[in-house]
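>>> Pasting the sequence and the predicted model now:
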Amino acid sequence: MTQSRRRPVWPFVVVGSVSVLAVLAAVGAWMYFVYRLSDPVPAAFGARVDGKSIVVKMALCPTDVIRRVEVTDADDDKSANPKVLWWASNPTTAAARSGVVKLWSGEGFERHAPELAQSAVPRNLVVGYVDPTGGGLDDVFTLRTVSAAKLKPGQYWTRDGARTAAQIDAQLQCHDSK
């Protein structure tokens, strides 16, 4: 009688287990990559130049509340917290509460920083708002691009082109709180 010799199974089990783990790791990495790429792009704010004034329309839902608006220099990459060039707080008008802000003027706000000298206005601005929870949104504007934009009355320049205030707000897909 011939004895059959059994081959050990363990090398195949180990190789198979490693292969399964490699496939799972690759699938997990792919899913993470797809998830990271699918992060929504923050809503674009709009800006326009009216004469010597810069007017910004911030994307807001009707239930959002602005406590403070801040402007910083987008090119200030020397510090972790760029210096606030101008601010305004506690909106007092419907326009300011809806996110329409005339920078450097303080118009429509209870308190604001003094007007910045025209020569001190940087080429690229970060404009953002802070809500009562300390959260908020911001966006970056290149003043040369905003100034050159050919806008119709009621339009603002965004990174996606000319938009109305309603189109800027619509990016947020607000849900009615009724």
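Cool, got the structure.
>>> Nearest the middle, which residue of this structure would you pick?
Computing the C-alpha centroid of the chain and ranking residues by Cα atoms, centre = their mean puts Pro42 first, at 3.7 Å.
>>> thought Asp64 was touching Asp131?
Yes - the pair Asp64 and Asp131 passes the contact test of Cβ atoms under 8 Å, sitting 6.4 Å apart. C-beta coordinates here come from the backbone N, C-alpha and C atoms, glycine included.
>>> Which one of these two is surrounded by more residues?
Asp64 (20 against 14; other Cβ atoms under 10 Å).
>>> Which helix or strand contains that one?
When elements are assigned from DSSP states H and E, Asp64 belongs to no helix and no strand.
>>> and the gap between it and Cys174?
With the distance defined as Cβ to Cβ, to the nearest Å, Asp64 ends up 8 Å from Cys174.
>>> Show me where the protein has its strands.
Counting by DSSP state E, the chain has strands at residues 46-50, 53-57, 68-73, 84-91, 100-102, 109-112, 124-130, 136-142, 155-158, 161-164.
>>> got these as a markdown table, with distance to Ala170, mean pLDDT and mean neighbour count columns?
Converted to a markdown table, these look like this (distance: least, Cβ to Cβ, whole Å; pLDDT from 0 to 100; neighbours: other Cβ atoms under 10 Å):
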| stretch | distance to Ala170 | mean pLDDT | mean neighbour count |
| --- | --- | --- | --- |
| strand 46-50 | 12 | 95 | 20 |
| strand 53-57 | 12 | 96 | 21 |
| strand 68-73 | 21 | 95 | 21 |
| strand 84-91 | 21 | 95 | 18 |
| strand 100-102 | 15 | 97 | 22 |
| strand 109-112 | 25 | 96 | 16 |
| strand 124-130 | 18 | 95 | 20 |
| strand 136-142 | 15 | 94 | 19 |
| strand 155-158 | 12 | 97 | 22 |
| strand 161-164 | 9 | 96 | 16 |
